[in-house]
Each structure stands twice: as C-alpha cells, then as structure tokens.
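*Asks:* Take this sequence and fold it.
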Amino acid sequence: MSFAASPSTIMMKPYRGKLPLSIITVIVCSFAFLALLYTERISFLSSNSLLKSKSCARRGAVVKAKDKTAEENLENPEIDDKFEFDLEECNIAHGKWVFNRSIKPLYTDRSCPYIDRQFACVKNGRLDFDYRHWEWQPEDCNLPRFNPELALKKLRGKRILFTGDSLQRNQWESFVCMIEWTIPPEKKSMKLGKVRSVFKAKEYNATIEFYWAPFLVESNSDIDVLDPKKRILKVDSVAKHSKHWEGADIIAFNTYVWWMSGLRLKTLWGSFANGEEGNAELDTPVAYKIGLKTWANWIDSTINSNKTRVFFTTMSPTHTRSEDWGREDGLKCFNETNPVMKKKFWGTGSNKKMMSVVEGVLNKMKVPVTVLNITQLSEYRIDAHSSIYTETGGRLLNDKEKADPGHHADCIHWCLPGVPDTWNQILFAHL
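*Replies:* Numbers count the residues shown, from 1 in each chain. Coordinates of the predicted model:
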C-alpha cells in the first residue's frame, strides 16, 4: 500500500526529484487535521472563559454575549442595568462605598415636593454635597441601578406599602421621589396623613403607601408620643394596624429604634383599659421577640404568599457616639463628611442581640419573608445623617441649637437624597 511506504523506500528513488502525490496528500491532510484540532481546542477554551464571564451575579457581568458585546456595554452603562440579577449568588451586605461624582441622584430635596423638612438637608442649609455621590458596591456582584420607569411597570395595578417607624417613612419618601419625577403632574396625586399617606400613579393604577406603626404591635404612644417611662406596648396584638396592611401586594416592614428607649419596656397582654395594672416590665430583647412573634403569627395566618410579597428591613444604625469610629473629640455625627472605611465597622448604635432576634423569628416563619439587610452597609455612612440640618417640633433648628450638635444633631434619620435610595435600589433588585 502506498500509505505504508517507509522512509527507506522513499530514499531509494532519488531520481524523481519530488515526493509522490500520495505522500503529499497524507502530509497535507495531517497538517489540516492538526490545525482543526488546535482550532477546536482554542474555541473550547474560549467558550469556557465566556461561560465563566457570563455569571450574571459577578462583578463586570454584562448582558448575554449573544445580545451585546462587552465593549458596547461599557460604552452604554444603561445596558449593564438590564442583566438578570441573581440574588442567590450575591451577598449585598458585603461591599464598600465608592465615591463617584458622575453619579447624580434621581431627585433633590428641592425638586421632590414630598420630602419632610426633617430629611431635606441641603434645603435646610447643608453645604457639602459629597454624601450624595457615594455608590454601594457589593463584593461579588453588580447592583442594578434604580430604573423608575421599570419600577412603575412592575407596580402596575399593585399596592406597595411601607409600614413601621420614621426610618421606614424615610425609605418610603425616597421611593416616591425616585419615581414621581417621571410622571406628569395630572397623572399623580399624594394624600398625606398623620398615620397613613398614599401616593398614586394614576396611569399605572399603582399606589405607594406609608402606614405609621413604630412597634408593629400596638402601643399607647403610637400617635400621641408619650414619655418613654409611660409607654406601654400591647405585645400580643397587631389588630389595630394589620387591618391597614391587608390587601397590599407588596409590604415592607421595619421596627427597631422605638424599642431602644431603655433596657426594659412595659408590656401588656389584653386591654389598655387595665392601665398600669396587668403590665409587666421585660428586658427589651425579650419584649422585642414577643412582639415580633405576634407580627409573624399574623403574617403566617393571613398572608397568601402567592398574592403578597413580604419584606423586612433590618435595623437602621444610629451614630450618636463618635468614639465608635475613632473620633474622640467628635460630636456625634456632626461635621462628618466621609464614610467609615474600616471593613465590617460596627458601632454601638446597632444592637446585634436585637438583630439575632429578628433572624430567629424570621427563620421559623411559614410565609417567606425577604430580608432587606441594610444594616452593615448603612453602618459606614456616618456622613449622611440629617445632623443639624433638620427640624424639631415642626420648626428648623435655630442658630443656638445648631451650635450645640451634642444635644440637637439628628444622627438617626438620613438626608434625602441619600442612603435610603440605596435601600430602595436593593428593594428594586428584589422586585
């Protein structure tokens, strides 16, 4: 056979001056085959790399390669926000704040007419604006930007309710302001109340509501705020509040800061008509656990998870002790202009025991509750509180009060626009 020709056989015929056609054919085919194998190997390696880069939760992830190239995505940052966000692969609580002056808030405290003066820092005289240009960057994923038009489409025909304390109102006002500017005046409305407020996006048949329930359970100081020493919590009932929660498609709950008025709280089973009789003082974490269990029992017995999504926002940190972040001569959060950069910083204003109570109660619930874990990321933001640029008793702080931030700086609530916008960015990612 010609293919069986040995080198010695070939050398015996030097007079021909060139290789036989059959030998040339074998050599050419061999090189072609090797080239094909090499090409396939390179293609396989490239495909594997592409698959790895397509993990939708990883930093640098973009829209699927078949739709857009990486270069196109970098040129058009709006595209980045459309990739499928995989929360199971992303721990939003772990990350860092990155300064980005190109980031512009969707609103200002002058453009949005619904911001309480309590949160309108620039309008109230704050002159440094850098706190509005910090962007939360999780370690292992990209957090999609808030898209107001898409948010409204997701809320079409729905009722979303924020309920809890003034920090939840802080978040509700942020959410409303992040979308309301896209809606013409004649197609939106706002009804403000002391307990319940409702923003309507008429064209979308959607409402964004806030309901005041600082403890979630009932208390004798829900409306008329009493001296904490006279405050009594009815830890076995949410009935007064829950009738306003029913029928909502999305509910975001929170409760924390009002519980932290002392080491012990007066609690009650039964009617407030019993007054001082029948109440018992309990350690705050114990009372908190009983109250949350009452709330959880209502959720499990009332909420249909096929119709209603339930969220729980973890505690918003307070920054009233500047020693926590190493400023011995500081006055709470006053005059702070940058976040804390120490990784996993945790101040005394966030009680881990109370947070573990929340975790324990939620883990035993039947109805799934999505946790908006905003505590750690907010811990770093000592610079973003209302501070002295706020109001008290329905009026702005006067010059004398501003000169005494140790007593008057608000290091609990947040300026708007500001940190609560990031909370809503996380909520939007879940939606």
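*Asks:* Only C-alpha atoms from now on, for both contacts and neighbour counts.
*Replies:* OK.
*Asks:* in the strand or helix carrying Phe210, what counts as buried?
*Replies:* Assigned by DSSP states H and E, Phe210 falls within strand 206-212. Within strand 206-212, the residues that count as buried by 16 or more other Cα atoms under 10 Å are Ala206, Thr207, Ile208, Glu209, Phe210, Tyr211, Trp212.
*Asks:* helices or strands next to the helix or strand following it in the packing?
*Replies:* Next along the chain after strand 206-212, taking DSSP H and E as the criterion, comes strand 218-219. If contacts are counted by 3 or more Cα pairs under 8 Å, 6 or more residues apart in numbering; DSSP states H and E, strand 218-219 sits against strand 232-234, helix 239-245.
*Asks:* Any idea which of the ones you listed gets closest to Glu173?
*Replies:* Taking Cα to Cα, helix 239-245 is the member of the helices and strands packed on strand 218-219 nearest to Glu173, at 18.2 Å.
*Asks:* CA atoms of that closest one as CSV?
*Replies:* Presented in CSV, the C-alpha positions along helix 239-245 are these (Å, rounded to 0.1, in the frame of the first residue of the first chain):
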residue,chain,number,x,y,z
ALA,A,239,-55.1,44.2,65.1
LYS,A,240,-55.2,48.0,65.1
HIS,A,241,-52.6,48.2,62.4
SER,A,242,-53.0,45.0,60.4
LYS,A,243,-56.4,46.0,59.0
HIS,A,244,-54.5,48.6,57.0
TRP,A,245,-51.9,46.1,55.8
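*Asks:* Relative to Thr337, how far out is the residue lying closest to Cys121 once chain neighbours are set aside?
*Replies:* Closest residue to Cys121 apart from its sequence neighbours, by Cα to Cα, 6 or more residues apart in numbering: Tyr389 at 5.0 Å. Using Cα to Cα, to the nearest Å, Tyr389 is found at 14 Å from Thr337.
*Asks:* Compare neighbour counts for these two and give me the winner.
*Replies:* Tyr389 (25 against 15; other Cα atoms under 10 Å).
*Asks:* Show me which residues of the strand or helix carrying Ser301 are buried.
*Replies:* Following DSSP H and E, one finds Ser301 within helix 284-302. Buried residues in helix 284-302, counted by 16+ other Cα under 10 Å: 284-285, 287-297, 299.
*Asks:* what's the closest of those to Tyr256?
*Replies:* Tyr288 (8.6 Å).
*Asks:* Just list the residues touching that closest one, thanks.
*Replies:* Trp259, Met354, Val357 (Cα atoms under 8 Å, 6 or more residues apart in numbering).
*Asks:* taking those residues one by one, which sit in strands?
*Replies:* Judged by DSSP state E, strands contain none of the contacts of Tyr288.
*Asks:* Out of those, which is nearest to Ile179?
*Replies:* Out of these, the member with the shortest distance to Ile179 (by Cα to Cα) is Trp259, at 31.5 Å.
*Asks:* quick one: the closest one and Met315, what's the gap?
*Replies:* 11 Å.
*Asks:* Who has more neighbours out of those two?
*Replies:* The residue with more neighbours, out of Trp259 and Met315, is Met315; 24 against 19, by other Cα under 10 Å.
*Asks:* Isn't Ile412 up against Pro317?
*Replies:* Yes - checked against Cα atoms under 8 Å, the pair Ile412 and Pro317 is within contact range at 7.1 Å.
*Asks:* who has more neighbours, those two?
*Replies:* Neighbour totals were compared for Ile412 and Pro317, and Pro317 leads with 26 against 20 (other Cα under 10 Å).
*Asks:* On the three-state scheme, the more buried one is what?
*Replies:* What DSSP: H, G, I helix; E, B strand; the rest coil gives for Pro317 is coil.
*Asks:* Now for it: which residues touch it?
*Replies:* Contacts of Pro317 (Cα under 8 Å, 6+ apart): Gly347, Gly349, Ser350, Thr375, Ser378, Glu379, Ile412.
*Asks:* Angles on the backbone of it, please.
*Replies:* phi -70, psi 150 (degrees, to the nearest 10).
*Asks:* Just the pLDDT at it, thanks.
*Replies:* If you check Pro317, the pLDDT there is 97.
*Asks:* what do you get for Thr163?
*Replies:* Value for Thr163, per-residue pLDDT: 98.
*Asks:* which SS state does it fall under?
*Replies:* Per three-state DSSP, Thr163 ends up strand.
*Asks:* Surely it touches Ala248?
*Replies:* No - contact status for Thr163 versus Ala248: not in contact, 11.2 Å apart, counting by Cα under 8 Å.
*Asks:* more neighbours, these two?
*Replies:* Counting neighbours by other Cα under 10 Å for Thr163 and for Ala248 shows that Thr163 has the greater number, 29 against 20.
*Asks:* and that one, what does it touch?
*Replies:* Thr163 touches Arg169, Phe210, Tyr211, Trp212, Ala213, Leu216, Ile251, Ala252, Phe253, Asn254, counting by Cα under 8 Å, 6+ apart.
*Asks:* what about the last one, neighbour count?
*Replies:* When neighbours are defined as other Cα under 10 Å, Asn254 has 24 of them.
*Asks:* give the contact list for it.
*Replies:* Neighbour list for Asn254: Thr163, Gly164, Asp165, Gln168, Leu216, Phe312, Thr313, Thr314, Met315 [criterion: Cα under 8 Å, 6+ apart].
*Asks:* Which of these has the largest number of neighbours?
*Replies:* Most crowded among the contacts of Asn254, counting by other Cα under 10 Å, is Thr163 at 29 neighbours.
*Asks:* quick one: it from Leu233, how far?
*Replies:* For Thr163, the distance to Leu233 - Cα to Cα - is 17 Å.
*Asks:* and what of Ser386?
*Replies:* 29 Å.
*Asks:* Is it possible to get TSV of the contacts of Tyr288 that adds pLDDT?
*Replies:* Below are those laid out as TSV (pLDDT from 0 to 100):
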residue	pLDDT
Trp259	95
Met354	96
Val357	97
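*Asks:* Take those and lay them out in TSV including distance to Phe428.
*Replies:* Shown next, in TSV, are the contacts of Tyr288 (distance: Cα to Cα, whole Å):
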residue	distance to Phe428
Trp259	28
Met354	26
Val357	26
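*Asks:* just curious, which of these is nearest to Pro405?
*Replies:* Minimum distance to Pro405 across the contacts of Tyr288 is 23.8 Å, recorded for Trp259 (Cα to Cα).
*Asks:* pretty sure that closest one is in contact with Leu282, am I right?
*Replies:* No - Trp259 is beyond contact range of Leu282, at 11.7 Å (criterion: Cα under 8 Å).
*Asks:* what's the overlap in contacts for the two?
*Replies:* Common neighbours of Trp259 and Leu282 (Cα under 8 Å, 6+ apart) are Leu265.
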